[in-house]
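In: Test case, fold it:
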Amino acid sequence: MNIEDFREYCLSLGDVEEKLPFAKMPGGDTVLVFYVDGHTFCYCDLDGFRSVIVKCQTERIPELMENQGVCTPDSHFNSKYWIGINPYAVSDDLLKELTRNSYNIVKAKYTKKRK
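Out: The predicted model follows:
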């Protein structure tokens, strides 16, 4: 999957905004962030599309990390909840599934808070 297809997929999930919130920071203009209900569910690297960072259930992370280099804890985020994915090392279906999973986690959390 390339960055254009991935971006289109994220936007198709519904109620999604995209921003470049780190554009004023050195190198930050290459970090595209996707939001649902005003909260982040995915970060991706626009410069070469080398990584996608998504939220994940803590119990799934060890299973996903068994494939070394595919899913790793992300050092910039709380690695208890966030994983980094090399989009070229996983199938398009897995990348979409993990992205939708992240979207669903964030959407459910903030939908509950509004009620």
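In: switch to C-alpha atoms for all contacts and neighbour counts from now on
Out: Noted.
In: Which positions within stretch 58-73 qualify as buried?
Out: 61, 64-65, 70-73 (16 or more other CA atoms under 10 Å).
In: which sections of the chain are below the confidence cut-off?
Out: Low-confidence segments of the chain, defined by pLDDT under 70: 68-69, 73-79, 112-115.
In: in the chain, which helix has the most residues?
Out: As assigned by DSSP state H, the longest helix anywhere in the chain is helix 92-114.
In: so the closest residue to residue 33 other than its chain neighbours bridges to which residues?
Out: Leaving aside its sequence neighbours, residue 33 sits nearest to residue 43 (CA to CA, 6 or more residues apart in numbering; 4.5 Å). For residue 43, the beta-bridge partners under DSSP bridges are residue 33, residue 53.
In: Tell me if I'm right that residue 43 and residue 32 touch.
Out: Yes - look at residue 43 against residue 32 with CA atoms under 8 Å: they come within range, at 5.7 Å.
In: For residue 39, which residues are in contact?
Out: The contact partners of residue 39, by CA atoms under 8 Å, 6 or more residues apart in numbering, come to residue 106.
In: Now it: phi and psi?
Out: phi -130, psi 140 (degrees, to the nearest 10).
In: So it versus residue 15, what's the distance?
Out: Going from residue 39 to residue 15 by CA to CA, to the nearest Å gives 11 Å.
In: In a strand, residue 22, correct?
Out: No - counting by DSSP: H, G, I helix; E, B strand; the rest coil, residue 22 is not part of a strand but coil.
In: Spell out the secondary structure type for residue 41.
Out: Residue 41 is classified as strand under three-state DSSP.
In: I'm done for today, thanks for sticking with me.
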